[in-house]
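Q: take this sequence and fold it.
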Amino acid sequence: MSDAKTELQTLKTEILAFKDNVKLKAALAKMDLKAQWDELEPQLERAASSASIVSQEVVGDLKRRFEEFKARIAAS
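A: I've put the predicted structure just below:
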């Protein structure tokens, strides 16, 4: 095989491996984001339903976590 064909085959192999790696990382990121949302969602719902008794500290913490989650979604 010529050098160009060998290099092309090597590049093709690297590209396919990279593609598979990107797909895997994207799937894992989706799973991670879903797990975070599944943890955060009930807390947000509880805070919304009992807002009159929730402390400012709890609200601040939930707001921070929600903003972090939104930023991760936007970055995905």
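Q: packing partners for whichever helix or strand Asp61 is part of?
A: In this structure, Asp61 is located in helix 56-75 according to DSSP states H and E. In terms of contact count using 3 or more CB pairs under 8 Å, 6 or more residues apart in numbering; DSSP states H and E, helix 56-75 is assigned the packing partners helix 3-49. For glycine as for every other residue, the C-beta is placed from the backbone atoms N, C-alpha and C.
Q: angle of the helix it packs on against helix 56-75?
A: 150 degrees (axes from the mean of the first three to the mean of the last three CA atoms, to 10 degrees).
Q: tell me the contacts of Ala71?
A: If you count contacts by CB atoms under 8 Å, 6 or more residues apart in numbering, Ala71 has none.
Q: in PDB, list the C-alpha atoms belonging to the least confident helix or strand in the chain by mean pLDDT.
A: The helix or strand of the chain with the poorest confidence is helix 56-75; it has a mean of 86 (mean pLDDT, DSSP states H and E). Included here for helix 56-75 are C-alpha records, laid out as PDB according to Å, rounded to 0.1, in the frame of the first residue of the first chain:
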ATOM      1  CA  GLN A  56     -33.900  32.600  51.700                       C
ATOM      2  CA  GLU A  57     -30.900  30.300  52.000                       C
ATOM      3  CA  VAL A  58     -32.800  27.300  50.600                       C
ATOM      4  CA  VAL A  59     -34.200  29.400  47.800                       C
ATOM      5  CA  GLY A  60     -30.700  30.800  47.000                       C
ATOM      6  CA  ASP A  61     -29.300  27.300  46.900                       C
ATOM      7  CA  LEU A  62     -32.100  26.000  44.600                       C
ATOM      8  CA  LYS A  63     -31.700  29.000  42.300                       C
ATOM      9  CA  ARG A  64     -27.900  28.500  42.100                       C
ATOM     10  CA  ARG A  65     -28.300  24.800  41.300                       C
ATOM     11  CA  PHE A  66     -31.100  25.500  38.700                       C
ATOM     12  CA  GLU A  67     -28.900  28.100  37.000                       C
ATOM     13  CA  GLU A  68     -25.900  25.700  36.900                       C
ATOM     14  CA  PHE A  69     -28.200  23.100  35.400                       C
ATOM     15  CA  LYS A  70     -29.500  25.500  32.700                       C
ATOM     16  CA  ALA A  71     -25.900  26.500  31.900                       C
ATOM     17  CA  ARG A  72     -24.900  22.800  31.400                       C
ATOM     18  CA  ILE A  73     -27.900  22.300  29.100                       C
ATOM     19  CA  ALA A  74     -26.900  25.400  27.100                       C
ATOM     20  CA  ALA A  75     -23.300  24.200  26.800                       C
END
